[in-house]
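# Need a 3D model of the sequence below.
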Amino acid sequence: MTLTNQNLIALSKFAIKAKKHIGMVKAIEMFNDEEYANNILIKASLSNNEELIDLTKKISSELHIGVNVINAIESYINSLKAKDAKSECIEDSQYFLSKLTQNLYGIHTDGETYRRAVDALIQNIGIEDKAFCINLAREFYPFWINESELATEINHEQNFKLNIHKEEFIDLWNSINQEFFSDEENWPLNLYAESMRKMGVSEKAIDVNQKIAQVITIELRNDHSSPEETYRDAINRTQHLFSRQDLIAFFLIVSREFYHFWIEQPLKH
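Model prediction:
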């Protein structure tokens, strides 16, 4: 990519703003060294300055560096704030996310490479911080997956089909927006989507999660035993439709999140 005057102006503005919050930034090196740029952008995205964060997202998008990780970081930190996490928890999360996400540079998006990145983090911290970091890594994983791969796969339907081997499921997935859902079914689906919006999850990621929740909802129609057993059985019947381990892991994360909304729907009582 050629360095344009527009790029140079944006990088210079970013470097000036960043100096106050994360230290000196070499604007030209950010253009010439992608890994350096990635590390700088991650640090800036974890600052508490909204103007710098906005500049970070702009530079990230223009240079096509770290876009998914930076979006995942923003969504995760917003989720902590939405849950009224203590300031100390947020600060610790920002500190360790900076270290974890730098390990994610240039790796393939799957559970195994993520585990290796987490292991690299754990090996370089004190034993007193390990439990916190393991929990942080578990919570951050779905945000990273959302922004890094799944949203892209859903937007590029052909790629997603390669990872799902059941024709009937492909047909269902493609037509899910035309499926009729009753008021009883729509109540938890809408609450789940609204909850994600309040946590700052991107609309593309919400669309993916919502479709998975709709697939689960359709499967729930086939069972009428106790609520807990109905839900568990529906998940067991559905998860095998996903062939890759990282997709199965993501499906299970969504299913756990959606359960809390589904079980509380007022029309069930």
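
# in the stretch 151-269 of the chain, which spans are helices?
With DSSP state H, counting those that start in this stretch as the criterion, the stretch 151-269 of the chain has helices at 151-155, 157-162, 167-175, 183-198, 203-220, 227-239, 245-262.

# and of those, who's closest to residue 45?
Closest to residue 45 of the helices of the stretch 151-269 of the chain, according to CB to CB: helix 203-220, at 17.0 Å. (C-beta placed from N, C-alpha, C; glycine too.)

# got the angle for that closest one vs helix 183-198?
Between helix 203-220 and helix 183-198, the angle comes out at 150 degrees (axes from the mean of the first three to the mean of the last three CA atoms, to 10 degrees).

# In terms of secondary structure, what does helix 203-220 contact?
The contact analysis (3 or more CB pairs under 8 Å, 6 or more residues apart in numbering; DSSP states H and E) places helix 203-220 against helix 151-155, helix 167-175, helix 183-198, helix 227-239, helix 245-262.

# Could the C-alpha coordinates of it be exported in CSV?
Extracted in CSV, the C-alpha atoms of helix 203-220 (Å, rounded to 0.1, in the frame of the first residue of the first chain):
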residue,chain,number,x,y,z
GLU,A,203,-24.5,-5.6,14.8
LYS,A,204,-22.8,-8.2,12.6
ALA,A,205,-21.9,-10.3,15.6
ILE,A,206,-25.5,-9.9,17.0
ASP,A,207,-26.8,-11.2,13.7
VAL,A,208,-24.7,-14.3,14.0
ASN,A,209,-25.7,-14.9,17.6
GLN,A,210,-29.3,-14.2,16.9
LYS,A,211,-29.4,-16.7,14.1
ILE,A,212,-27.9,-19.4,16.3
ALA,A,213,-30.5,-18.6,19.0
GLN,A,214,-33.2,-18.8,16.4
VAL,A,215,-32.0,-22.3,15.3
ILE,A,216,-32.1,-23.4,18.9
THR,A,217,-35.6,-22.0,19.3
ILE,A,218,-36.8,-24.0,16.3
GLU,A,219,-35.3,-27.1,17.7
LEU,A,220,-37.0,-26.4,21.1
